[in-house]
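Chemist: Prediction below, plus the sequence it came from.
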Amino acid sequence: MNKVVLLMLAMVMIFASGIEAYGQTRVLTGRVVDPSGEPIPGVNVLDKQANTGTTSDLDGKYSITVTNTTSLVFSFIGFESQEIVVGNRSELSITLLESDTALGEVVVTALGLTKDKERIGYAVTTVGGDQMDLAREPNVANSLTGRVAGLVVRGTNSGPQGTSNIVLRGLPSISGTGSPLFVINGVPMDNSQLGSSGQWGGADNGDGIGNLSPDDIESMTVLKGQAASALYGARASNGVIMITTRGAKRGGDWMLTYNVNVMTEQAMDFTNFQKEYGQGTGGRRPQTATEAQTTGRFAWGERMGGNVIGFDGNQYPYQPSSENWMDFYRTGTNLTNTIAVSKGLGEDGSFRLSVSDVRSKSIVPNSDVDRLSINLNVDQNITDKLNISAMINYLDQQSTNIPFLSDGPKNPNNFLFLAPNIRPSIFAPGINENGREVVFSDDIFVTNPYFITSRGINDRGRKRTISAIAARYNFAPKTYALFRVGNDVSNDDFFSVDPTGLAYTQEQRGNLGGRGLSTRSETNVDAIFGSEFSITDDIIFDGLLGGTFRNNRFEQVSVGGSRFVIPGLYSPFNVDVFNRGYAFNEREVLSAFYSFGFGYKDFLTLTTTGRYDVYSTLPIDNNRIFSPSITGAFLFDKFLNLPALDFGKIRASYAVTSGEPFNAYQTQFYFSSANTFNGVAAGASPLTLPNLFLKPFTTDEIELGFDLVFFKNRLSIDVAYFTKTTNNEIMPATTSISSGFSSAVVATGSVNNRGLELMISGTPIQTNDFTWKSMFNFTNVRNEVLNTNLDNTPINLGQNRQTLGNAVTAYVPGLPGPQIRAFDYQYDANGNVVVNDAGLPVRGELKNWGSVLPTHYGGWNNEFIYKGVSFSFLMDYNFGNKVLSATEFNAHFRGLHQNTLVGREGGVTTNEITAPAENYYQTLVQNVTKTSVVDGDFIKLRQLTLGYTFPAAMFNSVPIFKGLTASIVARNLAILWRKAENIDPEAQFGSNINFLGIEGTALPPTRSIGFNLNFKLN
């Protein structure tokens, strides 16, 4: 890798040194005014060859370094852009005219290149970094929630290190690669998930995007469709999110900023459990300490009153507790300090250096995340034709005692289902006089939260470097060559222990779950040649040719063992049984691509792209594929004489993207070593049948849309319709073990998504002192699983422990996916519910109850600015999905649900047969698992900010200060409306597609409130 970088840089420098610089540089000055002669501040002045520029000051004045061949583009929202070749002038003042096409906006597209928004033929949405760094989320991707049509973003309920689940335009690849590709400054980054919980427990160890600091992000641009992301080929079938990091302006003076953000986090309780009947079973309160322990999570006792014996033999009030399960959690905090320094290096370069320190304390005691981020952006013209830019982002993150989720073992959330008369604090500190766990329920696998948070170890450290260097040489004003190398390297360490005294371990001696190191890297090398020129007076050509090399590598070594010999010594040399592990994975992709665009006059643009990929993970005969796209944009406002219409564009596109297997090494047999047999070395063969005929799967999409701008840019409408289909998806299939294999790899998966996206934005009120900006987006998406395995039968994905095997999520052919499948009641010929002779519900058919993905969703954002005061709020909504809820199951099974109050005294009568309430409801939720399926609809108040920017004149007498903005900020303030009774409909414990829409025993949702101070210093 180092040799490749050095070779490319050497080629660039040798090439550049052999070309004599054309012309001498000088400083050009001037002034920009409107037709009335008033200065226009903030006008962008762009050097098209160098792709650098400056802005006009309050008097409309600017200065920039140029040569005789420099082409300057002057642009400002609401005015027509002007492009002027400087020639031999030393002063250039211009007048900008009001624009008939107010969209004159530049957006970042594939490969990190910029294009005029009015010329692209696909849907693109950009979110500014200022919308992310006020009311912060621990994972910056969660800040996109409700802001982009077509995008669903959900965090896992797992703490500050948690993963962000991102779904763009419906059901992603059913083979498991669900997240969009993240690209930083044109270079793809690794967004691998580092671990996920399932129905058997486990922890969410985070993802790649969660490592980034919002202080370093200038903007995020979402490339939604296949045409927008087609130039990325592999991994682009789920869309692309382009991240542009913050830099400095050329020609600018020293700028020092300091930002402090403090957020406090409180757990929220959405349960509505009954508080009339207390601990016990069979309608009676416990009579002994043993009964008290085994019934601590059952509320089938008597109507509360008086006292009751506790698990420790002491007497406690048998009445609604003044504490509940929420009292176990502490107030979480997130403290971020960021300092950034930047400066323009004359008119030829600039740099920005930032250091950010984050200290997060989870609501779970003794669970913390500390993160140090250092980011450097450098941009420099070596000559008037050669530009070098570089970015390096270094991260050092330490996560302590990451909480386990889902099933009971080591889960700190197990007090959720305590009977309403029990105070959680009576089980503190969770450790008896022998150093062993205090078991508080009938199940030793339901760990005491006090014990595991004080004694448990589940730590993960990460040192990560994301770097990129690019060299751009401009042969002519609009002809260039670009060489770029990006590298993303993560070095992780992990340490997980089942502590001595943990009740479910053998002899309570504990286990060493794992201690080890892993290295994960991604390298991307791009070479691009591009040019723009006029073919005729009416036709403009814009094209590029390029190639890419990508390498992904993962390696991990670990040691573990069971039964510690010396209590509390958590060393691999202190276990009865020792084990070790090793994992390795490497893949490469070689690609070539092109983009050819033709513009006719100023109203029609047609662009076609193509990409040819060769994958190392596929058989050599089937490892290559060509992925084309074609887009068109027609500006129809040019032909209409409508005073209210400033801009009108119809766009259309068709594209195909490709993809490789989610896992490598699926095309051949790979044998491994096994334990010795009678002292003789043994081997093991795989139980998964490889496929020698795999080939890349494809995703094709048609997109139609239009953009409208009215009333001098006061109202904008963006509409898109799309339909996309995946073909030949690579996925597992179950086979009979009698064949020698329990599963196989097939390429038979297919899914279709179609939908409508709408975004309306505008400025309803704008005066000299007051501005109201508003944005509303709406998405309707329908998906259908077209084909699964060879037999085209349902494929199960995930479940929770409570409904194990009796309710699952699955891909079901002909239906939206993932679909929740659960058992209904059994009905007689007249449609009446059938019960057995004991009056207990009888299980009926296994049915499909709906998809876990919403059909309608979006958000509404408003910003109000009055002089120096700003106020904003964001609401988002979600309709049409279902949730498989373990909380709903347990609330019924344990007598906590409000429904279980019916029949407490006289029993539940069905068809004239009466059953005791406890037996009835427990049998109900075990047999009729549709009772655990709830609606996921909600409307939330997602974000609120209130800020004030102090007048600069206040700091004239304070040498160090240049400005201050103070803000009160809040996230996830309230659920304004929901259908689910006892849960947050977004709550989930899994961080991949298999566990979307499955809820149970994760951390409770939280509300964050805090403040943000931004200082500008001299």
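Modeler: Now that the structure is in, tell me what you want to look at. Numbers count the residues shown, from 1 in each chain.
Chemist: Which strand residues bridge T657?
Modeler: Following DSSP bridges, T657 is listed with bridge partners T699.
Chemist: again with R651
Modeler: With DSSP bridges as the criterion, the beta-bridge partners of R651 are A633, G705.
Chemist: Thought G332 was touching S362, still the case?
Modeler: Yes: with contact defined as Cβ atoms under 8 Å, S362 counts as touching G332 (5.5 Å). C-beta here means a position set from N, CA and C on the backbone, and glycine is covered the same way.
Chemist: Mind listing the shared neighbours of these two?
Modeler: Listed contacts common to S362 and G332 are P160; contacts here mean Cβ atoms under 8 Å, 6 or more residues apart in numbering.
Chemist: Tell me which of those two has more neighbours.
Modeler: More neighbours sit around S362 than around the other of S362 and G332, counting by other Cβ atoms under 10 Å; the figures are 30 against 23.
Chemist: for the more buried one, what are its contacts?
Modeler: When contacts are taken as Cβ under 8 Å, 6+ apart, S362 is in contact with G159, P160, G332, D368, V369, P403, L1003.
Chemist: rerun that using 10 Å as the cut-off
Modeler: Taking Cβ atoms under 10 Å, 6 or more residues apart in numbering as the definition of contact, the neighbours of S362 are 138, 158-162, 265, 329-330, 332-334, 368-369, 399-403, 412, 453, 1003, 1006.
Chemist: Mind giving me the PyMOL select for the residues you listed, buried ones only?
Modeler: To isolate in PyMOL the members of these that are buried, counting by 16 or more other Cβ atoms under 10 Å, one can use:
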select buried, resi 138+158+159+160+161+162+265+329+330+332+333+334+368+369+399+400+401+402+403+412+453+1003+1006
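Chemist: quick one, helices of the protein?
Modeler: For the chain, applying DSSP state H gives helices covering 2-17, 226-229, 289-294, 449-455, 886-893, 917-927.
Chemist: and these, which one's lowest on average pLDDT?
Modeler: For the helices of the chain, the bottom mean pLDDT is recorded on helix 2-17, which sits at a mean of 39.
Chemist: does the residue nearest the centre of the chain have beta-bridge partners, and which?
Modeler: Compute the mean C-alpha point of the chain, and by Cα atoms, centre = their mean the closest residue is S164, 3.4 Å away. Beta bridges link S164 to G155 when assigned by DSSP bridges.
Chemist: residues in contact with it?
Modeler: S164 touches 137-145, 153-156, 179, 191, 193, 206-207, 209-210, 991, counting by Cβ under 10 Å, 6+ apart.
Chemist: go with 6 Å
Modeler: With Cβ atoms under 6 Å, 6 or more residues apart in numbering as the criterion, the residues that contact S164 are N139, A141, N142, G155.
Chemist: Could I get the residues you listed in a markdown table, plus columns for neighbour count and distance to I422?
Modeler: Converted to a markdown table, these look like this (neighbours: other Cβ atoms under 10 Å; distance: Cβ to Cβ, whole Å):
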| residue | neighbour count | distance to I422 |
| --- | --- | --- |
| N139 | 22 | 34 |
| A141 | 27 | 39 |
| N142 | 23 | 34 |
| G155 | 24 | 30 |
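Chemist: so how far is G805 from the residue of the chain most remote from its centre?
Modeler: When distances are taken from the C-alpha mean of the chain, E912 lies farthest, 52.6 Å away, according to Cα atoms, centre = their mean. When Cβ to Cβ, to the nearest Å is applied, the distance between E912 and G805 equals 32 Å.
Chemist: same check, this time on E729
Modeler: 26 Å.
Chemist: Spatially, which residue comes closest to S75, not counting chain neighbours?
Modeler: What sits nearest to S75 in space, not counting adjacent residues and going by Cβ to Cβ, 6 or more residues apart in numbering, is S81, at 4.1 Å.
Chemist: quick one: the residue nearest to the centre of the chain and S192, what's the gap?
Modeler: 13 Å.
Chemist: For L692, grab the count of nearby residues.
Modeler: By the other Cβ under 10 Å criterion, the neighbourhood of L692 contains 10 residues.
Chemist: Also L790?
Modeler: Counted with other Cβ under 10 Å, residues neighbouring L790 total 12.
Chemist: Kindly state the pLDDT recorded for it?
Modeler: The model's pLDDT for L790 equals 84.
Chemist: dump the residue contacts of L395.
Modeler: With Cβ under 6 Å, 6+ apart as the criterion, the residues that contact L395 are N211, S373, R464.
Chemist: Specify the beta-bridge partners of V369.
Modeler: Beta-bridge pairing for V369 (DSSP bridges): S360, S399.
Chemist: What pLDDT does the model give it?
Modeler: Checking the pLDDT column for V369, the value is 96.
Chemist: Contacts only, for R352.
Modeler: G247, A248, S342, N377.
Chemist: cool, and D576?
Modeler: R563.
Chemist: E729 and G805: who's more crowded?
Modeler: Between E729 and G805, E729 has the larger neighbour count (other Cβ under 10 Å), namely 26 against 9.
Chemist: Without its sequence neighbours, what residue ends up closest to the more buried one?
Modeler: In this structure, E729 finds its nearest non-sequential neighbour in G749, 3.0 Å apart by Cβ to Cβ, 6+ apart.
Chemist: Any regions of the stretch 351-500 of the chain where pLDDT drops low?
Modeler: By pLDDT under 70, the stretch 351-500 of the chain has no low-scoring segment.
Chemist: all strands of it, in order?
Modeler: Counting by DSSP state E, counting those that start in this stretch, the stretch 351-500 of the chain forms strands over residues 368-381, 386-400, 457-476, 479-498, given from the N-terminal end onward.
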